[in-house]
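1. Compute the structure for the input listed below.
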Amino acid sequence: MDIMNFKSGKYVSQTGYKSFLPEKINKEWVLNSPEILILLEEATSKVSALNAYSLMIPDVDVFIRMHIVKEATTSSKIEGTQTNMEEAVLSRLQVSDEQRNDWQEVQNYIRAMNFAIKQLDKLPVSNRLFKQTHAILMKGVRGKHKAPGEFRRSQNWIGGSSLKDATFIPPHHTEVSALMGDLEKFLHNTNINVPHLIRIAIAHYQFETIHPFLDGNGRLGRLLITLYLVSNNILKKPSLYLSDFFERNRQHYYDNLTIARIHNNINQWIKFFLVGVIETADKSTNAFEAIVKLRENLEGKKINTLGKRVPLAKKALNYLYVKPVITVNDLITELKISKPTANAIVKDFLQLNILKEQTGFKRNRIFVFEEYMNLFRK
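-> Got it, this is the predicted structure:
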């Protein structure tokens with residue numbers, strides 16, 4: 001099927017409204033657009049470079065944890081949460097009551113993502129994995145009563161307050177199982193020649209169009225991108241996340257999905273997606289390069305000035321790479337050291353400008369590894 005002849009689907013009359021029934025996608029899509037082919041070549045090259053660079057970094061999994069925190073906060077932000085990265089790495093008790101629900105949604109996303117990536121050792125990217133991951137995503141947060149871990153059994157909608165004024169009404173729930181079965185087959189069909197980045201671009205569009213769950217579809221659909229790339233060894237490490245690009249270009253994101261549905265123009269969506277991959281892969285590679293330089297500077301110059309406390313200071317620094325917002329008690333618990341020793345380490349790190357105190361209080365102070373956090377804010 002020539003991608004230029006893409007047919008998105010049709011509207012089907014239901015009782016009092018019309019739902020959108022997408023065409024199935026498990027077929028061989030032929031690309032003839034020079035614009036897409038050029039973008040695809042560049043995106044493939046950028047992803048390959050990111051993959052290669054991530055494999056060169058010692059202990060890269062430590063730094064990928066912060067990439068996951070950033071993805072969780074950004075993807076959740078698209079859905080309306082207000083938790084930032086600094087709050088996301090705090091413990092539950094350190095978060096204010098009014099922020100705790102949003103904080104919990106981000107924590108669920110982090111857990112769901114880590115779970116799904118780990119499950120790839122046993123399961124393919126599949127409806128079974130989607131359901132298991134969705135159950136974790138929805139546990140104890142908004143949407144917890146909307147059938148966590150199960151495809152929907154009722155009609156949902158996007159935008160508006162009801163079916164009467166909805167911006168978009170996905171397919172009737174009786175169609176979801178067949179459509180998701182087709183999507184799953186498309187992801188794994190080795191009898192068709194569809195480049196991986198094109199395949200996942202189409203799959204993400206289709207997932208968001210089907211909207212198979214009552215809640216959490218956006219977050220799970222964005223997670224699908226990373227899971228697919230890792231499961232197909234395009235990335236050896238889960239180092240590419242598009243939520244930041246989608247959030248910064250939120251209206252274009254929604255508009256391009258809509259254009260594909262209304263005007264049968266999936267080309268525009270694919271171009272937007274590939275530009276996102278190019279930009280995000282570049283940023284991720286640059287972030288890894290900056291992390292390496294920062295670590296060399298801190299461990300090679302600053303930490304080595306601490307004399308007999310160097311071994312303990314290195315352990316504290318390694319902890320900060322995982323949890324860049326800490327209290328003295330965090331160091332006591334993690335490093336199993338006394339309070340005076342923890343206070344001495346914090347004092348050293350403040351003098352070396354590794355940590356900054358952010359509360360202004362004399363007690364219950366919180367310290368931020370600001371230079372490291374800034375690498376993920378860019």
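2. Would you point out the helix or strand in this protein whose mean pLDDT is lowest?
-> helix 85-88 (a mean of 85; mean pLDDT, DSSP states H and E).
3. And the following helix or strand past it, what does it pack against?
-> Next in sequence after helix 85-88, counting helices and strands by DSSP states H and E, comes helix 100-119. Under the contact definition 3 or more C-beta pairs under 8 Å, 6 or more residues apart in numbering; DSSP states H and E, helix 100-119 sits against helix 60-78, helix 85-88, helix 127-138, helix 217-231. C-beta: built from backbone N, CA, C; applies to glycine.
4. buried set for the shortest one?
-> Buried residues in helix 85-88, defined by neighbour count with 16 or more other C-beta atoms under 10 Å: Met85, Glu86, Glu87, Ala88.
5. Please work out which of the helices and strands packed on helix 100-119 is packed deepest.
-> helix 217-231 (a mean of 23; mean count of other C-beta atoms under 10 Å).
6. quick one: contacts of that one?
-> 47, 71, 75-76, 78-79, 109, 112-113, 116-117, 120, 124-125, 129-130, 133-134, 137, 187, 196, 199-200, 203-204, 207-208, 211, 213, 234-238, 240-243, 246 (C-beta atoms under 8 Å, 6 or more residues apart in numbering).
7. What's the ChimeraX syntax to select whichever of those are buried?
-> Remark: buried members of the contacts of helix 217-231, expressed as a ChimeraX selection using 16+ other C-beta under 10 Å:
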select :47,71,75,76,78,79,109,112,113,116,117,125,129,130,133,134,137,187,199,200,203,204,207,208,211,213,234,235,237,238,240,241,242,243,246
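8. and this protein, what are its domains?
-> 3-287, 306-377 (automatic domain parsing).
9. isn't Arg261 right up against Thr209?
-> Yes - between Arg261 and Thr209 a contact is recorded at 6.4 Å, counting by C-beta atoms under 8 Å.
10. Between these two, which has more neighbouring residues?
-> Neighbours were counted for Arg261 and for Thr209 using other C-beta atoms under 10 Å; Thr209 has more, 26 against 19.
11. Going along the chain, name the helices of the stretch 201-350 of the chain.
-> Listed in chain order, the helices of the stretch 201-350 of the chain (DSSP state H, counting those that start in this stretch) span 217-231, 243-248, 250-263, 266-297, 310-322, 328-335, 339-351.
12. Quick check: which helices or strands does the shortest one pack against?
-> Counting contacts by 3+ C-beta pairs under 8 Å, 6+ apart, helix 243-248 packs against helix 60-78, helix 266-297.
13. Out of these, which gets nearest to Leu350?
-> helix 266-297 (17.0 Å; C-beta to C-beta).
14. gap between that closest one and the chain center?
-> 13 Å (C-alpha atoms, centre = their mean, to the nearest Å).
15. ditto for stretch 144-156
-> Counting by C-alpha atoms, centre = their mean, stretch 144-156 comes out at 22 Å from the chain centroid.
16. in it, what's buried?
-> Buried residues in stretch 144-156 (16+ other C-beta under 10 Å): Ala147, Pro148, Phe151, Arg152, Gln155, Asn156.
17. right, and the pair among those residues with maximum separation?
-> Pro148 and Gln155 (18.2 Å).
18. just to revisit the earlier point, and for the least confident helix or strand of the chain, what's in contact with it?
-> 69-70, 72-73, 95, 99, 103, 106-107, 110, 325, 358, 368, 373, 376-377.
19. Which among these count as buried?
-> 69-70, 72-73, 95, 103, 106-107, 110, 325, 368, 373, 376.
20. Report the lowest-confidence entry in those.
-> Looking at those by pLDDT, the weakest one is Val95, with 82.
21. nearest spatial neighbour of it, skipping sequence neighbours?
-> Trp103 (4.6 Å; C-beta to C-beta, 6 or more residues apart in numbering).
22. Tell me who's in contact with the one you found.
-> Here Trp103 is in contact with Thr83, Glu87, Ala88, Leu90, Arg92, Val95 (C-beta under 8 Å, 6+ apart).
23. Against Gln358, how distant is the fourth one?
-> Leu90 is 11 Å from Gln358, where distance means C-beta to C-beta, to the nearest Å.
24. which residues are common contacts for the two?
-> With C-beta under 8 Å, 6+ apart as the test, Leu90 and Gln358 both reach Ile366.
25. Mind listing the residues bridging to Glu357?
-> Phe367 (DSSP bridges).
26. surely it meets Arg363?
-> No - Glu357 is beyond contact range of Arg363, at 11.7 Å (criterion: C-beta under 8 Å).
27. The two: which is more packed in?
-> Neighbour comparison, Glu357 and Arg363: the larger count goes to Glu357, with 12 against 5 (by other C-beta under 10 Å).
28. follow-up on the earlier one: redo the helices and strands packed on helix 243-248 as a markdown table? Include distance to Ile303.
-> Output for the helices and strands packed on helix 243-248, formatted as a markdown table (distance: least, C-beta to C-beta, whole Å):
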| stretch | distance to Ile303 |
| --- | --- |
| helix 60-78 | 16 |
| helix 266-297 | 10 |
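29. quick one on the thing from earlier: can you tell me which of the helices and strands packed on helix 100-119 is nearest to Lys293?
-> Per C-beta to C-beta, nearest to Lys293 of the helices and strands packed on helix 100-119: helix 60-78, 12.6 Å.
30. Summarise which helices and strands the closest one is packed against.
-> Counting by 3+ C-beta pairs under 8 Å, 6+ apart, helix 60-78 packs on helix 85-88, helix 100-119, helix 217-231, helix 243-248, helix 266-297, helix 310-322, helix 370-377.
31. Worst mean pLDDT among the helices and strands packed on helix 243-248?
-> helix 60-78 - the lowest mean pLDDT of those, at a mean of 88.
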